[in-house]
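**Student:** My questions concern the predicted model and sequence given below.
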Number of protein chains: 4
Amino acid sequence: VKGEFYRCDYLCDTLSVVVIGASGDLAKKKTYPSLFALFRSSYLPEHVQIVGYARSQKTDKDFRATLRDYLAAKCDDDEVIDAFLKKCFYRSGGYDDETAIEKVAMEMAGMEQVSGHEVANRLFYFAIPPSLFTKVAGALKAAATNHNGWSRFIVEKPFGSDLESFETLHESLSDMLEEKETYRIDHYIGKEAVQNLLVMRFANSIFEPLWNRNHIASVVISFKEDFGTKGRGGYFDKSGIIRDVMQNHLMQVLTMFAMEAPARQSGDYIRNEKVKVLQAIPPIRIEDCITGQYISDDEGIEQAYIDDDGVPDDSKTPTFAALVMYINNPRWDGVPFIMRAGKALNERKSEVRIQFKRAPGSSLLFPDTGNGSTLSRNELVMRLQPNEAVYMKMNIKSPGLAGDPVMSELDLSYKTRFPDKFSDLPDAYTRLMLQVLRGDSSAFVRDDELREAWKIFTPLLHAIDDGKIEPIKYKAFSRGPAEFDEMAERHGYVYSGEAYDWNGTA
Amino acid sequence: VKGEFYRCDYLCDTLSVVVIGASGDLAKKKTYPSLFALFRSSYLPEHVQIVGYARSQKTDKDFRATLRDYLAAKCDDDEVIDAFLKKCFYRSGGYDDETAIEKVAMEMAGMEQVSGHEVANRLFYFAIPPSLFTKVAGALKAAATNHNGWSRFIVEKPFGSDLESFETLHESLSDMLEEKETYRIDHYIGKEAVQNLLVMRFANSIFEPLWNRNHIASVVISFKEDFGTKGRGGYFDKSGIIRDVMQNHLMQVLTMFAMEAPARQSGDYIRNEKVKVLQAIPPIRIEDCITGQYISDDEGIEQAYIDDDGVPDDSKTPTFAALVMYINNPRWDGVPFIMRAGKALNERKSEVRIQFKRAPGSSLLFPDTGNGSTLSRNELVMRLQPNEAVYMKMNIKSPGLAGDPVMSELDLSYKTRFPDKFSDLPDAYTRLMLQVLRGDSSAFVRDDELREAWKIFTPLLHAIDDGKIEPIKYKAFSRGPAEFDEMAERHGYVYSGEAYDWNGTA
Amino acid sequence: VKGEFYRCDYLCDTLSVVVIGASGDLAKKKTYPSLFALFRSSYLPEHVQIVGYARSQKTDKDFRATLRDYLAAKCDDDEVIDAFLKKCFYRSGGYDDETAIEKVAMEMAGMEQVSGHEVANRLFYFAIPPSLFTKVAGALKAAATNHNGWSRFIVEKPFGSDLESFETLHESLSDMLEEKETYRIDHYIGKEAVQNLLVMRFANSIFEPLWNRNHIASVVISFKEDFGTKGRGGYFDKSGIIRDVMQNHLMQVLTMFAMEAPARQSGDYIRNEKVKVLQAIPPIRIEDCITGQYISDDEGIEQAYIDDDGVPDDSKTPTFAALVMYINNPRWDGVPFIMRAGKALNERKSEVRIQFKRAPGSSLLFPDTGNGSTLSRNELVMRLQPNEAVYMKMNIKSPGLAGDPVMSELDLSYKTRFPDKFSDLPDAYTRLMLQVLRGDSSAFVRDDELREAWKIFTPLLHAIDDGKIEPIKYKAFSRGPAEFDEMAERHGYVYSGEAYDWNGTA
Amino acid sequence: VKGEFYRCDYLCDTLSVVVIGASGDLAKKKTYPSLFALFRSSYLPEHVQIVGYARSQKTDKDFRATLRDYLAAKCDDDEVIDAFLKKCFYRSGGYDDETAIEKVAMEMAGMEQVSGHEVANRLFYFAIPPSLFTKVAGALKAAATNHNGWSRFIVEKPFGSDLESFETLHESLSDMLEEKETYRIDHYIGKEAVQNLLVMRFANSIFEPLWNRNHIASVVISFKEDFGTKGRGGYFDKSGIIRDVMQNHLMQVLTMFAMEAPARQSGDYIRNEKVKVLQAIPPIRIEDCITGQYISDDEGIEQAYIDDDGVPDDSKTPTFAALVMYINNPRWDGVPFIMRAGKALNERKSEVRIQFKRAPGSSLLFPDTGNGSTLSRNELVMRLQPNEAVYMKMNIKSPGLAGDPVMSELDLSYKTRFPDKFSDLPDAYTRLMLQVLRGDSSAFVRDDELREAWKIFTPLLHAIDDGKIEPIKYKAFSRGPAEFDEMAERHGYVYSGEAYDWNGTA
């Protein structure tokens, strides 16, 4: 009825949702609001119960009261909130207390029977650190046997900190959970603009012919934040910017961008293609990476990273990194994929920027006009945040009597084009949770994807962990280390210059 | 200083402009206002004299007064107008009165000498019927010998009404004027969007890879007017819509669209390429053409064409025509070029619409979603008028939880993007006259272009002239004969349907 | 030392080969000769024992004597044969006699220990009907536990006769054997020319740009035999030509031909790509298939199929079939893959013939010269048998004063180019058995390949089995039903005509 | 009747051929034998007279006797030779003796009238130095007016020695002859393999997709002679190898190779395209050229160039040159065209060698196998002489059990493929003379071609003439200066190594 791409068969059945770690930040800020968003859009079945579980003692009433604050920010209709909260329950217990977990499981089974449906599906959301997964998963599985319906387990990153730790974690978890019932979340895959990559590339006939080494000079994937660690430095210091956003989020963007057309949209088809991209990328060489660490800006608005709480004085943890990868396959051989991420930079922006090659043979047709300007290169920019947009920078005739080419752009800003829908774009978590309910694993990270991604990053990460790479200091709110520009240029990226004045989708 | 693409060497010399037929409509509405626009933008040299010549007796003062009305519409600065009118003179005489013409020539030579410049260039604008060209051109040439500087002759269409009449006219004119000093105006070439075709295609690297038979399914070039002949039917009836706009204007658009990259922008390079396109087009077959003639609309706002002044009762002259051409070369073999033009239609619009092929292999990736909708095709639309724009229709992910592809577009509307320049876009005549002054013939129609274009159209035109093709009657303000849609579909054009709601550049 | 592409790690270990069904035709004609070929080329380890197992009672000596005849045909060096036969043993027992099988297993373990190597690998070759697999495999597995080294199982077709029977067989077998230790043989994959497909396509840069829908008009995969069932009609009648060579052998050729570049050559990379091709092919429609059955030739040299031993009088089993498939992916959308196979035809030949599209825009450059001939189309032919060859048909200038294009070809005939190697090209079985030893599964058929292939063929096969498709009678030694030519033409294949006189590689 | 590409309308008319310089070497070795070849193949009309004109006094009989020796080498049928010689006449006179020339013209007119045909065509062959052209052409034109039929003038190189001298020569000649009646011979255009370029490229659909900067890494055009100046050094020293074969012959090969598809084969279509290529080539930079001069080989078989008769002791005239050009258009931007020519080298060979780019993404699929060998690159070689051939070097699977790729080739050797026709391939002069008779100018050099070619070479030639470039000494019968290999490598050419053993078309 909704015209959706995928069917929602689960809507006719009973659904139990179990949120492990229900009293934590993630649960309150993301998990419950996303469940609520699905509830409001009628994407939850009529017979649903949402059981929170955590260590702290709380009544259903108290718990609901806490949740209400978070939900009210999204919705001003109290009746809807009340209806949702009625579905929410709370039980407390230790994460290794098998008896307590079993009790919850039995209570849940009871609720399911009440519904009168034959089929009861179960969704477990792990909002707890990975070290606790195995125990809880084991207990849940044991207590939850012999029911009629699917069980699916959503787990959150981090999935290890290098190849070895990933394999250890994976081995213990895979004893409990089958790969096909495990849904590893990387919320970047759920972003509107990342999901759009698939449609952009394969539902149109105009992009694929250009999407290769013959026409693309370089691809730059950027993630920039305009604030520092803000007191969370102690936590951040253990991972650094590469583990925090590059090895996971930005690699997901890269593989979605670079993969071959899958045979279908659903299931493992897409993940097969993503893995294939990763298999073609050799481990990043140390000389293809620069790292940085921010110091205070001149006004002292942001203190130096090193001065944030919990950061060791001699920390070499990068708050900025830029690196270059090459995909060794027929489509991409020789095209640099330049990845950049940093904190405390001059702007907040996340984007994929494709720079095309110079128009061949154009120097005789469009000779330098004496202004010192030459033809700018085409760029296709997909902005993930803020303000999702797609725009193509291109040369047109300068309007008027002069004939010089001038840079302009073909533009699609979501906010302008879809004003109604844009104000209400679903959160990535909401979108992903819906896909779990639908049983579509395509937007979740498979074990072999993680393995291959860790293979690419582990040698570099170990070199950084071993203090072999000295981070370049950069001022907070700057563009980051100038060495990045040199590196990008060395790999063929051409700056189109400051003269370009567009800020159409800003 | 202006950053122009071409230099303006003539600015340092003296310039004499002679407007033959100065008292006619074209001269007053187009020629003088364009000269005025060049004057205002400092594109005329300091030493310039503009001599009007026509049969009617008038003083300079009277003539200037007439001109002032036309100029005042474009400019409210009286001083500027006065300064321009001081450069304007008027002399009367018959178009075959060689003595009178010689006298003008001598007077002009005098004015030139006064300037003190060594070099004096001469621009002759023929705003008179072609039957009068030869005489005047002969007299002017004879009287104007032995001066130091160039002489250039701007002539206006029609350049014959079929292959034979063109050859006759050309033969007599080419006895007088060399091809390289003859500038045949087709004002369509001067349009902003047509001039932009060259930059769009060759200054960017993203379009050329798509610009061929592998990716383009069809090209539709449309010219639609929302009014009828309005009393000028008697004149129109002698030519019909094909001679009026298709064989000349729209063919110019087609060749600019389809040509190979020229070696340079100036001179004969572009025209060589345009001729080559024409040489690859076989004469249009009668079965690849439909014609129409409008009848009155239901409200009777527009009377039937047949009832307009001077139109014979049994006229079969088409006020609408649609035809299909194929360009038999490696780039375009098999791609239908569908051309459509009509009067008294539902809208006023002139555009080139490129429809790309269906995204290959997309039917498994994006199966029909049950809404009866399938993927729409990509289209690149270049709108020539009104409101110059370029937009690319493409499929994106429907924003929100649903995953269906939806049609959107990458858009570049000149009015929105270049608000300042757009309000003051120069008229096509102004642009072209500037190019004559610069000696760049690339935007003017060469003899072999005309010959080849007439070869393509003459058999069809003769069939129409002989009454062999019955025009289909269509109501004024309708979309024209429904047979057009069938013909377009038969040649592979796919309507993307009414659901598409964009009117971004309207 | 041999410069091989893959390493042969197993050479340092002990190897036991067990041939189940050792007294059968396949074993004697293919299995043992292939093992012998490996032995001669030093591809078997020093410590190897080859244990034959079958129902018939025989001594080692008797068995070796039987084998000697088959080996002597390949080699005239008795010493080498003796050395090989010393490695061969024979044990008899029933195929469901677990005790007997266990005994063999224990004896084998003893032999292995004698070698003194720590690692002992085991290769089981199933030269028995699939209905007997499960039992034997179970007994072998049970008896063969706890040894140090790999166990690999080679199984022979048929792997079911439709989707359902395949799933049944697969389910029972997969209880016993893991997919990764199962090596399903399709000897077509082992053919020199099929293995060459991978190198041809991906080790050269000249083929990939042409290998797609933009340039290829159609692909014809042919298998022609110049003799009938020759007394084996009773056996053949249960399967028919489609199950016999098309669903397996020719589909393997098709997927190797059409797949995307794998990330690596070994392991599952290639099979992943082959499966992906199959997933993009919809089930064959009945209207896209014609079938035939041969009748006697005029001279009566070959009797009618219907008259062969054991063929029912009313048999509708096809001895000839031709069918058209479309691969619904970005590379191949719209390109017909025409498959043809038949017995008792005019020649013996197996080939892949790629017909390219007409040279675009060539009709003005190379107009019909009055001989009624137009330009022929390019064809790339890969002949699998007999006499492996690759040749490209192309147009060149007719040598001499005339300028007409004439068809010629770029040719690579293996026999001519590599006369030494060609005389000794290894049998497909030898090549494949070596790959099993190396542990490279890429040339063996994976379960999902079979599943997808059966999905494509099952509806058609059921229609034939149900007698819904009447085979067209064709004379033995003819080209087969003329309807094939019509079908091929309907899907765009263009015959280049009889004038072409090449028989360079014949 | 002959199925030729072009019609031979002139066969029905009378033809007079006038050979100016009839007693010279060129006339006897090329002009007359070619006329004889046309005569034998019935390509001369029944009514033909061939009048030789030169300074030396001779009777018809003496002259015929001289000719007979040259013709007898080609034909052993005396009757045919006699029949031909009967058509040959000889008249003597000075090249500036207008009276003598007029007399010949009148006599010729008489012969024509005798034939009774209304139309008499005239072909003038200038086998004399260009300094004498103008006078003779003037006298001939003057004397030959008012006849009914065409007049065509074949002229031989050199056409100037730099841009300026060409323009001077051209100006004086163009006063006498119209461009369309001037046929400038460059016999390289008449070569079988060069004429084949057009067919190869445009009559096939497999080459054009590869024929561009995306797929081609470099193009090497070579001309190698295995002997020195052999006493003609004095003459050679005035021009040098660049003027001798590169600026003319090899540039013709380059433009035929690189041009876009012409709209038609005949007339000016091809020459328009060739000019367009030249217009896109900037003048060769001195740093993109190396020159050489041979010294004696170790055995002293060939003496040093400097020691040849008439060569100045301090001559810097290059007997070897290699240079790199870039064609600045969409197809070729960035592809080096490497041109090499030399005398006294290790072999006699003239060829075009296209090296394609490395197979993208192949390093993971085909990793280095330990032999130190990597994949070789594809090369398409068109050998012009000796033994015309086309072959494509490509990688195939090494036949046998090993899987390594190995270099082989698709081959088309004319001698093998067309044994009958090959033995009798017409000389380039014969082919070209036939084209003059047919009035097809496409294979002759137009004035603007020469102008553009001189623009490219003149700065370099002047630098050499001024002694600014020191030729590198190389031993006779060597491969030439080793610096060539470095230069080729610097521009991306990759040697495929010595292991390659093919000599199929040798």
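**Tutor:** Cool, the structure landed.

**Student:** Show me which residues of the stretch 201-350 of chain A are close to chain B?
**Tutor:** A:202-206, A:208-210, A:214-215, A:261-265 (Cβ under 8 Å from any Cβ of the partner chain). Where C-beta positions appear, they are placed from N, C-alpha and C, glycine not excepted.

**Student:** Now a ChimeraX select for only the buried ones of these.
**Tutor:** A single ChimeraX command suffices to select whichever of those are buried according to 16 or more other Cβ atoms under 10 Å in any protein chain shown:
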select /A:202,203,204,205,206,208,209,210,214,215,261,262,263,265
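
**Student:** Inside helices: which ones of the residues of the stretch 201-350 of chain A next to chain B?
**Tutor:** Those of those mapping onto helices are residue A:202, per DSSP state H.

**Student:** Which helix or strand contains residue A:411?
**Tutor:** strand A:405-413 (DSSP states H and E).

**Student:** no, scratch that, I was asking about residue A:353
**Tutor:** strand A:349-356.

**Student:** Beta-bridge partners for the residue nearest to residue A:155 when sequence neighbours are not counted, please?
**Tutor:** Distances taken as Cβ to Cβ, 6 or more residues apart in numbering or on different chains place residue A:126 nearest to residue A:155, at 4.7 Å, with adjacent residues excluded. As for beta bridges, residue A:126 partners with residue A:20, residue A:155 under DSSP bridges.

**Student:** So for the strand holding residue A:353, mean pLDDT?
**Tutor:** Averaging pLDDT along strand A:349-356 yields 95.

**Student:** low-confidence ranges in chain A?
**Tutor:** Along chain A, the parts satisfying pLDDT under 70 run over A:1-7, A:144-146, A:368-373, A:402-403, A:420-423, A:496-506.

**Student:** Chain C contacts on that one?
**Tutor:** Going by Cβ under 8 Å from any Cβ, the residues of chain A near chain C are A:202, A:208, A:260-261, A:263-264, A:269, A:272, A:276, A:279-280, A:329-330.

**Student:** What segments of the stretch 301-450 of chain A are helices?
**Tutor:** Secondary structure of the stretch 301-450 of chain A (DSSP state H, counting those that start in this stretch): helices at A:362-365, A:414-417, A:419-422, A:428-438, A:447-465.

**Student:** buried ones in the last one?
**Tutor:** Read that as helix A:447-465. A:447, A:449-461, A:464.

**Student:** Give me the contact list for stretch A:24-32.
**Tutor:** Contacts with stretch A:24-32, where a contact means Cβ atoms under 8 Å, 6 or more residues apart in numbering or on different chains, come from A:19, A:21-22, A:50, A:52, A:54, A:66-67, A:70-71, A:88, A:125, A:127-128, A:156, A:427, A:429, A:433.

**Student:** end-to-end on it?
**Tutor:** Distance between the boundary residues of stretch A:24-32 (Cα to Cα, to the nearest Å) amounts to 11 Å.

**Student:** Find the centremost residue of chain A, please.
**Tutor:** With distances taken as Cα atoms, centre = their mean, residue A:188 lies nearest the centre of chain A, 1.5 Å away.

**Student:** Assumed that residue was part of a helix.
**Tutor:** Yes - counting by DSSP: H, G, I helix; E, B strand; the rest coil, residue A:188 is found in a helix.

**Student:** one step back: list the strands paired with the strand holding residue A:353, with their directions.
**Tutor:** strand A:216-224 (antiparallel), strand A:379-385 (antiparallel).

**Student:** Skip ahead from the first one and say which helix or strand is next.
**Tutor:** Once the chain leaves strand A:216-224, the next helix or strand it forms, by DSSP H and E, is helix A:233-236.

**Student:** What residues sit buried inside that following helix?
**Tutor:** For helix A:233-236, the buried set under the neighbour-count rule, 16+ other Cβ under 10 Å, comprises A:233, A:236.

**Student:** Contacts only, for the residue nearest to the centre of chain A.
**Tutor:** With contact set as Cβ under 8 Å, 6+ apart, residue A:188 has these partners: A:194, A:248-250, A:252-253, A:384, A:428.

**Student:** Next one: it relative to residue A:429, how far apart?
**Tutor:** In this view, residue A:188 and residue A:429 are 11 Å apart by Cβ to Cβ, to the nearest Å.

**Student:** Please apply the same query to residue A:110.
**Tutor:** For residue A:110 relative to residue A:429 (Cβ to Cβ), the value is 29 Å.

**Student:** Can you pull the phi and psi angles for the residue in the stretch 151-300 of chain A positioned nearest to chain D?
**Tutor:** Chain D sits closest to residue A:214 of the stretch 151-300 of chain A, with a gap of 4.3 Å, by Cβ to the nearest Cβ. Dihedral pair for residue A:214: phi -70, psi -30, per degrees, to the nearest 10.

**Student:** you'd agree it is up against residue D:216?
**Tutor:** No - Residue A:214 is beyond contact range of residue D:216, at 12.0 Å (criterion: Cβ atoms under 8 Å).

**Student:** doesn't residue A:18 fall inside a strand?
**Tutor:** Yes - per three-state DSSP, residue A:18 lies within a strand segment.

**Student:** and it, what does it touch?
**Tutor:** A:50-51, A:53, A:104, A:108, A:122-125, A:140.

**Student:** cool, and residue A:289?
**Tutor:** Neighbours of residue A:289 in contact, by Cβ under 8 Å, 6+ apart: A:321-324, A:460, A:469.

**Student:** Pull the residues that contact stretch A:452-461.
**Tutor:** The contact list for stretch A:452-461 (Cβ under 8 Å, 6+ apart) reads A:160-164, A:166, A:242-243, A:246-248, A:251, A:275, A:278-279, A:281-286, A:289, A:323, A:325.

**Student:** and if we set it to 6 Å?
**Tutor:** With contacts defined as Cβ atoms under 6 Å, 6 or more residues apart in numbering or on different chains, stretch A:452-461 is touched by A:162-163, A:166, A:247, A:251, A:275, A:278-279, A:281, A:283-284, A:289.

**Student:** For residue A:225, see how far away residue A:320 is.
**Tutor:** 10 Å.

**Student:** wait, residue A:140
**Tutor:** Distance from residue A:140 to residue A:225, by Cβ to Cβ: 36 Å.

**Student:** Have a look at those two and say which one is more surrounded.
**Tutor:** residue A:140 (25 against 19; other Cβ atoms under 10 Å in any protein chain shown).

**Student:** And what about that one, helix, strand or coil?
**Tutor:** helix.

**Student:** Next one: it from residue A:147, what distance?
**Tutor:** Counting by Cβ to Cβ, the gap from residue A:140 to residue A:147 is 12 Å.

**Student:** Please name whichever of the helices of the stretch 301-450 of chain A is nearest to residue A:380.
**Tutor:** Shortest distance between residue A:380 and the helices of the stretch 301-450 of chain A, using Cβ to Cβ, is found for helix A:414-417: 15.6 Å.

**Student:** tell me which residues in the closest one are buried?
**Tutor:** The neighbour-count check on helix A:414-417 (16+ other Cβ under 10 Å) flags A:414, A:417 as buried.

**Student:** ditto for stretch A:391-404
**Tutor:** Applying 16+ other Cβ under 10 Å to stretch A:391-404 flags A:391-401, A:403-404 as buried.

**Student:** Give me the nearest residue to residue A:286, chain neighbours excluded.
**Tutor:** Take residue A:286 and drop its neighbours on the chain: the residue closest to it by Cβ to Cβ, 6+ apart is residue A:463, 5.4 Å away.

**Student:** I'd like the residues of chain A next to chain C as TSV, with distance to chain D appended.
**Tutor:** TSV is the format used below for those (distance: Cβ to the nearest Cβ, whole Å):
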residue	distance to chain D
A:202	20
A:208	15
A:260	12
A:261	17
A:263	20
A:264	24
A:269	21
A:272	17
A:276	11
A:279	8
A:280	6
A:329	4
A:330	4
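
**Student:** and of the residues you listed, the nearest to residue C:133?
**Tutor:** Taking the residues of chain A next to chain C together and measuring to residue C:133 by Cβ to Cβ, the closest member is residue A:272, at 29.6 Å.
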